[in-house]
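Visitor: no sequence on this one, just coordinates:
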């Protein structure tokens with residue numbers, strides 16, 4: 001028979017008032033002002049440092065795997081690498097003052113970790129975010145500005161760039177502003193917006209809000225459900241259009257890439 005909760009907690013010198021075991025600060029490296037506890041049912045260790053006035057990321061946390069780090073509502077300004085990131089399942093840094101993110105911090109986070117950076121003051125993201133699992137990442141609403149000299153996102157500004165702007169509805173939104181002044185005579189559109197147009201809420205937001213916002217800055221937008229010509233062979237027309245678009249914006253949702261959404265799957269393939 002497996003050990004019951006009380007056995008596990010007693011063996012590890014833990015105090016268990018209900019469904020969790022409070023970690024002793026001295027024995028288990030629980031930082032001052034934080035509340036650390038172990039949940040046997042979920043097999044996770046929670047480090048709750050919400051609103052305790054942190055200005056830097058903690059140097060240490062309790063040992064163990066499957067950590068849940070709750071660092072919301074502090075004054076942390078820099079997201080730097082920590083040893084315990086690769087042992088963490090959830091890292092919540094929302095509502096801090098983060099404006100810089102180091103590349104090695106992203107590299108140290110596991111592929112399946114949930115990362116919440118919403119409510120911060122970021123204006124740029126490290127290149128490593130391109131390989132990070134953005135589907136389980138909350139960035140909040142941020143505006144990223146870059147130009148042709150910004151190698152963070154654009155390897156070669158003289159050719160068709162490979163920047164993907166990922167937009168999450170409704171709380172995970174990233175606007176990309178391209179400031180490059182170079183002329184691309186063979187490119188008819190500045191941005192191709194790919195999204196599930198069967199989703200009424202997203203379709204209305206894209207056409208009435210996002211497209212209007214970008215067009216106000218002079219960008220030429222291609223929206224498939226709005227700009228496609230009737231009678232065209234759709235897949236051939238899709239490939240031709242993608243080839244004359246400078247950038248691509250992809251709006252991910254639960255049904256973006258499924259058997260039912262044939263054309264967004266095709267757009268994902270060719271982009």
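Guide: Looks like it came in fine. A quick note: this is a predicted structure, and the numbers were derived from the prediction, not measured. Numbering: from 1, shown residues only.
Visitor: quick check: domain ranges of the chain?
Guide: 1-139, 143-271 (automatic domain parsing).
Visitor: Out of the ones you listed, name the one with the poorest average pLDDT.
Guide: Note on the domains of the chain: lowest mean pLDDT is at domain 143-271, with a mean of 69.
Visitor: could you dump the domains of the chain to JSON lines with mean neighbour count?
Guide: All C-beta atoms are positioned from the backbone trio N, CA, C, and that covers glycine. Output for those, formatted as JSON lines (neighbours: other CB atoms under 10 Å):
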{"stretch": "domain 1-139", "mean neighbour count": "16"}
{"stretch": "domain 143-271", "mean neighbour count": "15"}
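Visitor: Now do the phi/psi pair for the nearest residue to residue 59 once chain neighbours are set aside.
Guide: Nearest residue to residue 59, sequence neighbours excluded (CB to CB, 6 or more residues apart in numbering): residue 82, at 7.5 Å. Dihedral angles phi and psi of residue 82 (degrees, to the nearest 10) take the values phi -140, psi 150.
Visitor: Residue 82 reaches residue 67, doesn't it?
Guide: No. With contact defined as CB atoms under 8 Å, residue 82 does not count as touching residue 67 (10.7 Å).
Visitor: Could you name the helices and strands sitting against the biggest strand by length in the chain?
Guide: As assigned by DSSP state E, the longest strand anywhere in the chain is strand 245-252. If you count contacts as 3 or more CB pairs under 8 Å, 6 or more residues apart in numbering; DSSP states H and E, strand 245-252 packs onto strand 164-168, strand 173-178, strand 189-194.
Visitor: so what strands line up beside that strand?
Guide: strand 164-168 (parallel), strand 189-194 (parallel) (DSSP bridges).
Visitor: Next up, the contacts around the residue nearest to residue 59.
Guide: 57, 58, 59, 105, 108 (CB atoms under 8 Å, 6 or more residues apart in numbering).
Visitor: And the strands in the stretch 101-250 of the chain, which stretches?
Guide: 114-116, 137-138, 141-146, 164-168, 173-178, 189-194, 221-222, 245-252 (DSSP state E, counting those that start in this stretch).
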